[in-house]
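Enquirer: One predicted model, sequence on top.
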Amino acid sequence: MVLVVNQAYDDSGHEDSGHPERPERVSAVRAGIDDLHLGSDLIVVPDRVVTREELTRVHDSGYLEELAAYCYEGGGDLDQDTYATFSSWPVAKQAAGAGLAVIEELHRRGDGVGFVVTRPPGHHALRDRAMGFCLLNNIAVAAAALRSLGERVLIVDWDVHHGNGTQEIFWNDAEVLYVSTHQWPLFPGSGAASEVGGRLAIDRTVNIPLSPGATGDILRQAFDDIAAPVIDSFSPTWVLVSAGFDAHRADPMGDLHLTSNDFAAVASSVANFVPRPGRLAMFLEGGYDLDALRSSVHATLRSVLGEAVATEQSSRGEPRGDYVTRVQRDRLAAIEALYSSHDEEST
Amino acid sequence: MNTLRTIAVGYDGSSGSEAAVRWSLTLANATHSTVIVLHAIGLLEHLYTAYPRDVTPPAIVAMAKELAFDEQRLHWHVDDGDACSVLLRAGSSPLDADLLVVGSRGRGQRTGMLLGSTTLEVAEHTLTPLVIVPSRFEED
């Protein structure tokens, strides 16, 4: 199977000295891809400019204008975590366009797996606000483009942080299923199991919050027991992944204890829901330890390309008792409450 | 009847947020309200030096003493998230603040603007009454 990636572009202008979201992250990911030695099975697609119409499907036009103007004036801090520079606006547009280019190539080929190597990341970016190192929500732009073609899109987000921006953007969209595994409590503070979607999309959001120290066995069990049945009944026609690798045990941004092999294992589970070849694309989100990022990308891609993974061992921890039952209970109670309030309003 | 039961005020250690806390304590002294001092732990603070979750910063304690504020009605609350989201959440359960108070500018804010971006965003989205305290309040 071929791997489709976007062409490298100059993101060096989007950098803030000492900030962990830095250009070297992309170099580490590219090295993880090179380690696969794919030869002619590695397809690099050229740049693609994102259009204003494609951006405004998920972002308010006022926000886009404000962000562009802020960058052209020289940029600065957008909040306590997020920066923009003079170059950030064109770099962010490149990142959003790269996802569309990879998806279009997968669609044309009807084969392969896509990996979108971009920064800044996107899954915290809200409809009208930058947040959490993110300026434009790259995966949401891609999902909205697929939605406009009538596709049913599954987004799986295994970054250590909850993808609050993606969740918010598709909160009431029944044709997009958002599944997130993340550490909780942790930034951004959202992602409780009881957040299950809006009234127009009940059970189209699946949040699986994991306690600090959680290991890969817990993650896999939670994904298989909680998310898999919902995905199965949703029957996606496309699968997108917010592939953050900061849940790795070596990463300084979180406190989960995953290994590269754990990412490979959950990627394999996700790949089971891809309806046919050429319908899986992964988007780089977090991942700030460069060695862990390189090995995790390598293991993940080997897994979804159908090759054996032999890097770190999978992680195992203490039994977590009725963890899955508790998450399920919170989810079902929230779903029931939404249906009840809907019924009351109807009568 | 006193309906101003709970005042939530944002604090990030900046002089602007200290002015907002001072203003909140002064108001709460007059209205016998409870004051929740909110602090948002963002991505970078989690990475480097996070404020302790259980210990009220000495600067806040000192300010309360100076203003003879009843410490039983002073609460330190740390929440994960960006400052804007944490402040907006304070208006709903479980904190249920009746009034939000922010400084006009905090740390890590856009330069060259009259108000900080967090303050502007909170003002745009909040459903809870909001007071924006100018930094000069402390000096006056």
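Expert: Everything's here; your move.

Enquirer: where along chain B do the strands fall?
Expert: B:6-10, B:34-41, B:74-80, B:99-103, B:130-133 (DSSP state E).

Enquirer: Can you report how many residues neighbour residue 14?
Expert: You didn't say which chain, so I picked chain A. 27 (other C-beta atoms under 10 Å in any protein chain shown). Any C-beta I mention is one placed from the backbone N, CA and C, and that applies to glycine too.

Enquirer: I was thinking of chain B, sorry if that wasn't clear
Expert: 18.

Enquirer: circling back to that earlier point, out of the strands of chain B, which comes closest to chain A?
Expert: Set against chain A and scored by C-beta to the nearest C-beta, these come closest in strand B:74-80, at 4.2 Å.

Enquirer: Going by neighbour count, which residues of that closest one are buried?
Expert: Buried residues in strand B:74-80, counted by 16 or more other C-beta atoms under 10 Å in any protein chain shown: B:74, B:76-80.

Enquirer: show me which of the residues you listed neighbour chain A.
Expert: Restricting the buried residues of strand B:74-80 to those touching chain A (C-beta under 8 Å from any C-beta of the partner chain) yields B:79-80.

Enquirer: Show me the helices in chain B, by range?
Expert: With DSSP state H as the definition, chain B shows helices at residue ranges B:15-31, B:43-47, B:58-66, B:83-89, B:117-125, B:136-139.

Enquirer: mean confidence for the helix or strand that contains residue A:268?
Expert: Secondary structure assignment for residue A:268, by DSSP states H and E: helix A:260-271. Across helix A:260-271, pLDDT averages out at 96.

Enquirer: Return the most buried member of the helices of chain B.
Expert: Highest mean neighbour count among the helices of chain B (mean count of other C-beta atoms under 10 Å in any protein chain shown): helix B:83-89, with a mean of 25.

Enquirer: Not counting stretch A:16-34 itself, show me its contacts.
Expert: Here stretch A:16-34 makes contact (C-beta atoms under 8 Å, 6 or more residues apart in numbering or on different chains) with A:3, A:5, A:8, A:11-12, A:14-15, A:42, A:83, A:85, A:115, A:117-121, A:133, A:252-253, A:284, A:287-288, A:290-291, A:293-298, A:301, B:44, B:47.

Enquirer: Which element, helix or strand, includes the residue nearest to residue A:142 when sequence neighbours are not counted?
Expert: Spatial nearest neighbour of residue A:142, excluding adjacent residues (C-beta to C-beta, 6 or more residues apart in numbering or on different chains): residue A:99 at 4.1 Å. Element membership of residue A:99, judged by DSSP H and E, is helix A:88-109.

Enquirer: Could I get the buried residue list for that helix?
Expert: In helix A:88-109, counting by 16+ other C-beta under 10 Å, buried: A:88-106.

Enquirer: got the CA coordinates for it in CSV?
Expert: What follows is helix A:88-109, C-alpha atoms only, in CSV (Å, rounded to 0.1, in the frame of the first residue of the first chain):
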residue,chain,number,x,y,z
SER,A,88,2.0,32.5,10.4
TRP,A,89,-1.0,33.3,8.2
PRO,A,90,0.5,31.9,5.0
VAL,A,91,2.0,29.0,6.9
ALA,A,92,-1.3,28.1,8.5
LYS,A,93,-3.0,28.3,5.2
GLN,A,94,-0.4,25.9,3.7
ALA,A,95,-1.1,23.5,6.6
ALA,A,96,-4.9,23.6,5.9
GLY,A,97,-4.3,23.2,2.2
ALA,A,98,-2.0,20.3,2.7
GLY,A,99,-4.7,18.1,4.2
LEU,A,100,-7.0,18.8,1.2
ALA,A,101,-4.2,17.9,-1.2
VAL,A,102,-3.5,14.6,0.4
ILE,A,103,-7.2,13.7,0.5
GLU,A,104,-7.7,14.6,-3.1
GLU,A,105,-4.8,12.4,-4.1
LEU,A,106,-6.2,9.5,-2.0
HIS,A,107,-9.5,10.0,-3.7
ARG,A,108,-7.9,10.0,-7.2
ARG,A,109,-6.0,6.9,-6.5
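
Enquirer: who touches residue 88 in this structure?
Expert: All of this is about chain A. A:13-14, A:71, A:75, A:120, A:135.

Enquirer: Chain B is the one I meant
Expert: Contacts of residue B:88 by C-beta under 8 Å, 6+ apart are B:122, B:125-126.

Enquirer: gap between it and residue A:191?
Expert: 16 Å (C-beta to C-beta, to the nearest Å).

Enquirer: cool, residue B:18 as well?
Expert: 32 Å.

Enquirer: how about the lengthiest helix in chain A: buried residues?
Expert: Using DSSP H, we find that the single longest helix of chain A is helix A:323-346. For helix A:323-346, burial by neighbour count (16+ other C-beta under 10 Å) applies to A:323-324, A:327-328, A:330-331, A:334, A:338.

Enquirer: any bit of stretch A:169-178 sitting next to chain B?
Expert: No - Stretch A:169-178 does not reach chain B (C-beta under 8 Å from any C-beta); its nearest approach is 14.8 Å.

Enquirer: And stretch A:266-285, by the same measure?
Expert: No - contact of stretch A:266-285 with chain B (C-beta under 8 Å from any C-beta) is absent, the minimum separation being 12.2 Å.

Enquirer: Now that stretch: buried residues?
Expert: By neighbour count on 16+ other C-beta under 10 Å, the buried set for stretch A:266-285 is A:266-271, A:273-274, A:278-285.

Enquirer: which of those sit farthest apart?
Expert: A:278 and A:285 (22.1 Å; C-beta to C-beta).

Enquirer: Assess the claim that residue A:128 and residue A:58 are in contact.
Expert: No - taking C-beta atoms under 8 Å as the definition, residue A:128 is not a contact partner of residue A:58, at 10.4 Å.

Enquirer: Can you give me the neighbour number for residue A:135?
Expert: Neighbours around residue A:135, by other C-beta under 10 Å: 31.

Enquirer: Is my assumption valid that residue A:145 occupies a position in a helix?
Expert: Yes - applying DSSP: H, G, I helix; E, B strand; the rest coil, one finds residue A:145 inside a helix.
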